[in-house]
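K.L.:
structure for the following, please:
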Amino acid sequence: MIYIAIDGPAGSGKSSVASELAKRLGFGYLNTGNIYRAISFFWIQKGQPEFSKEFFEFIREKNFSVVDDSVIVDGKRYNNELRTLEVGRVVSKIAEIPEIREIVTRKSREIVKDGNFVVEGRDIGTVVLPDAFLKIFLTASIEERARRRYKELISRGIKANFEDIINEIRERDYIDSSRTISPLKAADDAITITTDGLDLEEVVERIFSIYTERMKSVRDNSCK
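P.N.:
As a prediction, the model looks like this:
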């Protein structure tokens, strides 16, 4: 199996880039953040219960799969429900919980075990798929990331406030990078790409070129 890991902070363009790259390569696509968002959605729907053994078992027993940018949980598709500001405000806090991270890591590996995948998140190259064929770390300024998230929400018909999004991203950056379990960081062997001023196609093309060169090197070395 060939895995391409794409990590980076909220709003850095991971989802659009990973999805388009997967289509171009004919790979599967997994946004692990959507699994965390689905768990956050269930937690909110259940009345924000204590993070007890019962809640962890409730999540472990659910069957997760993916179709494009949607999460299928026990046969039901979730998409826009996972992208509300309410979910966005709690997802990083829920992602701090070691039991939740263990569940998502295991379910992510199960989803990708039988195919070639582009997988995106915050700890793919460091924890989920440390042996990934190619690791990319995408980043961008907070203002650029906020503009992208605002545009995405409006395009989905979700009401949004630009300043609220900036504050949410700042908070998520702090939580994601400062947690003790699987903090957001580039893997030692990741290639960092700053996406300010680059459109989607330019970023996808850059990663595709890196992948093509790496594949060529592997084939050349195998022929020696």
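
K.L.:
helix or strand for residue 203, which one?
P.N.:
According to DSSP states H and E, residue 203 maps onto helix 200-222.

K.L.:
helices and strands around that helix, which ones?
P.N.:
Counting contacts by 3 or more CB pairs under 8 Å, 6 or more residues apart in numbering; DSSP states H and E, helix 200-222 is packed against strand 3-7, helix 14-25, strand 134-139, strand 191-194. All C-beta atoms are positioned from the backbone trio N, CA, C, and that covers glycine.

K.L.:
would you mark the buried spots in the shortest one?
P.N.:
For strand 191-194, a neighbour-count test (16 or more other CB atoms under 10 Å) marks residue 193 as buried.

K.L.:
over to stretch 54-71?
P.N.:
55-56, 59, 64, 66, 69-71.

K.L.:
same thing with stretch 116-123?
P.N.:
117-123.

K.L.:
and if you look at stretch 73-88?
P.N.:
Applying 16+ other CB under 10 Å to stretch 73-88 flags 73, 78, 81-84, 87-88 as buried.

K.L.:
which of these sits closest to residue 34?
P.N.:
In terms of CB to CB, no member of those lies closer to residue 34 than residue 82, at 5.9 Å.

K.L.:
ramachandran coordinates for the closest one?
P.N.:
Main-chain torsions, residue 82, degrees, to the nearest 10: phi -90, psi -10.

K.L.:
in terms of helices and strands, where is the closest residue to it other than its chain neighbours?
P.N.:
Closest residue to residue 82 apart from its sequence neighbours, by CB to CB, 6 or more residues apart in numbering: residue 37 at 3.8 Å. Using DSSP H and E, residue 37 falls within helix 32-45.

K.L.:
also residue 120?
P.N.:
Residue-wise, residue 120 maps onto strand 117-121 under DSSP H and E.

K.L.:
orientation of that strand relative to strand 134-139 in degrees?
P.N.:
Counting by axes from the mean of the first three to the mean of the last three CA atoms, to 10 degrees, strand 117-121 lies at 30 degrees to strand 134-139.

K.L.:
as a markdown table, the helices and strands packed on helix 200-222 with distance to residue 47 and mean pLDDT would be great.
P.N.:
Shown next, in a markdown table, are the helices and strands packed on helix 200-222 (distance: least, CB to CB, whole Å; pLDDT from 0 to 100):
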| stretch | distance to residue 47 | mean pLDDT |
| --- | --- | --- |
| strand 3-7 | 32 | 98 |
| helix 14-25 | 29 | 94 |
| strand 134-139 | 35 | 97 |
| strand 191-194 | 41 | 96 |
